[in-house]
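Peer 1: Fold the following and give me the result.
(4 chains)
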There are 2 protein chains.
Amino acid sequence: MSERVSSGQPRSTSDPVPPRRRDAAATREAVLLAAREVFAELGYDRAGIRDIGARAGVDARLIGRYFGSKEGLFTEVVDLAFEKTMMMGPGHNHQAARSLLVDSTPEPADGMLIALRSASNERAAAIMRDNLERNYQRVVTDGLAGPDAAGRAALLIAVCSGVQLMRDILGNRALATGDLDKLVPYLEAALDAISATP
Amino acid sequence: MSERVSSGQPRSTSDPVPPRRRDAAATREAVLLAAREVFAELGYDRAGIRDIGARAGVDARLIGRYFGSKEGLFTEVVDLAFEKTMMMGPGHNHQAARSLLVDSTPEPADGMLIALRSASNERAAAIMRDNLERNYQRVVTDGLAGPDAAGRAALLIAVCSGVQLMRDILGNRALATGDLDKLVPYLEAALDAISATP
DNA sequence: CGGCCATGTCCTCAAACGAGGACATGAAAA
DNA sequence: TTTTCATGTCCTCGTTTGAGGACATGGCCG
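Peer 2: So this is what the prediction gives:
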């Protein structure tokens, strides 16, 4: 089965500093960071507040006090995760295609990973939809000229989401091995076809 | 394995409690149909064998006897769901784009819906990846000329998956309302950019 | 016509989940 | 220094999940 976080190893992967006693802000931050990791790995449903608390080195009950509920925590995590994301549109498509196909670390696309793995939950999907439209999609829309900018921005995000789904979540072999560089021009052309002003 | 369906009509959506006699084949069929619906609605994790059994009008325990486990049932459902799916590639892209954007019923894309909603589970993802590569992706690949046909087929499927994710699962408003017909040419052009022989 | 095995139904179990209230404690305020 | 309240910890509860074994029953074969 998947690895369980041991109670004796409470430190987050990016938080190597142990001496934190009573500091609400630092605790909140540690919980948010751990939650972001766990949500990205397991999705909303499979991520448990016990896992998150253990990874943050914090009692699970504290999450309820700070964020109200698991759903409240998820909302804040999604806010953070979509703050800086991969850009698309004219002038960005080559980099986006490369980033999606050949780069191995999906670090900046953290938000999308959370979205893909949490899509099965209706409440989580609604939270992500609102945040996506209000922040990320808005930025992409602003970068587009021509008619139907909002719809085309949604298409661009959809294309990138689909590639990431097939590659990182389903683990499709055609997108995991071989000459992925050869596929970059195709994906780039597809993005250009949507973002180019007609 | 008798082929008759004497004890009832083919099960349909929201079938409450049909009178079931003793017919193993019909029972299997009813369970598979109900499971396909429930998996498409809720995804692998949230779908319970109790739900499936209730919708099929069958004791939940019977599922364990017929299919071994929930995972075994899922495997058979995925086999069925990808049997006939939306076609992509040269000559199909306009119809595919229309089907994804303006058609409201995602009935033929049943398999993709299951895939999108079950992506969070690693075991389910592996089952779908295998089936997708072995059946659906293979057909799309055969319809493509030129180099890197397998990778480009994966890209085509990825694009369509992404659109369906944004539209049907996340419920993005830019892809749910308004003049979706105006977006069809963009999506079609994107698909063409991938499937056209360079 | 009668036996019998496939078919269907019921029970339970162990584990994991989210959420909540009572209590200890340390760090800042007076 | 003393007070005090935010901060952190532990407990339980009720629910739901997937899975398994024992028993009733009915349709087909002998």
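Peer 1: Phi and psi next, for the residue lying closest to residue A:174 once chain neighbours are set aside.
Peer 2: If the residues on either side of it in the chain are set aside, residue A:174 comes closest to residue B:154, at 4.0 Å by C-beta to C-beta, 6 or more residues apart in numbering or on different chains. (Glycine included, C-beta is placed from N, CA and C.) Backbone torsions of residue B:154, given as degrees, to the nearest 10, read phi -60, psi -40.
Peer 1: what pLDDT does residue B:154 get?
Peer 2: Looking at residue B:154, its pLDDT reads 97.
Peer 1: what's the burial count for it?
Peer 2: By the criterion of other C-beta atoms under 10 Å in any protein chain shown, residue B:154 has 28 neighbours.
Peer 1: so for stretch A:87-105, what's the average pLDDT?
Peer 2: 90.
Peer 1: how about the residues of chain A near DNA strand C?
Peer 2: A:21, A:22, A:47, A:48, A:49, A:50, A:51, A:61, A:64, A:69, A:70, A:71 (C-beta under 7 Å from any atom of the strand).
Peer 1: what sits against residue A:178?
Peer 2: By C-beta atoms under 8 Å, 6 or more residues apart in numbering or on different chains, the contact set of residue A:178 is residue B:151.
Peer 1: DNA strand C versus that one, what's the distance?
Peer 2: For residue A:178, the distance to DNA strand C equals 36 Å [C-beta to the nearest atom of the strand, to the nearest Å].
Peer 1: In which helix or strand does that residue reside?
Peer 2: Using DSSP states H and E, residue A:178 sits within no helix or strand.
Peer 1: can you give me phi and psi for it?
Peer 2: Torsion angles, degrees, to the nearest 10, at residue A:178: phi 90, psi -160.
Peer 1: sorry, back to before: drop anything exposed from the residues of chain A next to DNA strand C.
Peer 2: Buried subset of these (neighbour count, 16 or more other C-beta atoms under 10 Å in any protein chain shown): A:47, A:49, A:51, A:70.
Peer 1: OK, contacts around the first one?
Peer 2: Counting by C-beta under 8 Å, 6+ apart, residue A:47 makes contact with A:35, A:38, A:39, A:41.
Peer 1: Closest to residue B:181 out of those?
Peer 2: Ranked by distance to residue B:181 (C-beta to C-beta), these are led by residue A:39 at 36.4 Å.
Peer 1: ok, how many other residues are close to that closest one?
Peer 2: Residue A:39 is flanked by 27 other residues according to other C-beta under 10 Å.
Peer 1: quick one: pLDDT of residue A:61?
Peer 2: Residue A:61 is given a pLDDT of 90.
Peer 1: and the gap between it and residue A:172?
Peer 2: 40 Å (C-beta to C-beta, to the nearest Å).
Peer 1: CA atoms only: put the helix or strand hosting residue A:44 into PDB for me.
Peer 2: Using DSSP H and E, residue A:44 falls within helix A:24-46. Coordinates of each C-alpha in helix A:24-46 appear next as PDB, following Å, rounded to 0.1, in the frame of the first residue of the first chain:
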ATOM      1  CA  ALA A  24       0.200  29.900  15.400                       C
ATOM      2  CA  ALA A  25       1.400  31.500  12.200                       C
ATOM      3  CA  ALA A  26       4.200  28.900  11.700                       C
ATOM      4  CA  THR A  27       1.800  26.100  12.600                       C
ATOM      5  CA  ARG A  28      -0.800  27.300  10.100                       C
ATOM      6  CA  GLU A  29       1.900  27.600   7.500                       C
ATOM      7  CA  ALA A  30       3.200  24.100   8.200                       C
ATOM      8  CA  VAL A  31      -0.300  22.600   8.000                       C
ATOM      9  CA  LEU A  32      -0.900  24.400   4.700                       C
ATOM     10  CA  LEU A  33       2.300  23.200   3.200                       C
ATOM     11  CA  ALA A  34       1.700  19.600   4.300                       C
ATOM     12  CA  ALA A  35      -1.900  19.800   3.100                       C
ATOM     13  CA  ARG A  36      -0.800  21.000  -0.300                       C
ATOM     14  CA  GLU A  37       1.600  18.100  -0.600                       C
ATOM     15  CA  VAL A  38      -0.900  15.500   0.500                       C
ATOM     16  CA  PHE A  39      -3.800  16.800  -1.500                       C
ATOM     17  CA  ALA A  40      -1.500  16.900  -4.600                       C
ATOM     18  CA  GLU A  41      -0.500  13.300  -4.000                       C
ATOM     19  CA  LEU A  42      -3.800  11.700  -3.000                       C
ATOM     20  CA  GLY A  43      -6.600  14.100  -4.000                       C
ATOM     21  CA  TYR A  44      -9.300  15.400  -1.700                       C
ATOM     22  CA  ASP A  45     -11.000  12.200  -0.800                       C
ATOM     23  CA  ARG A  46      -8.100  10.000  -0.100                       C
END
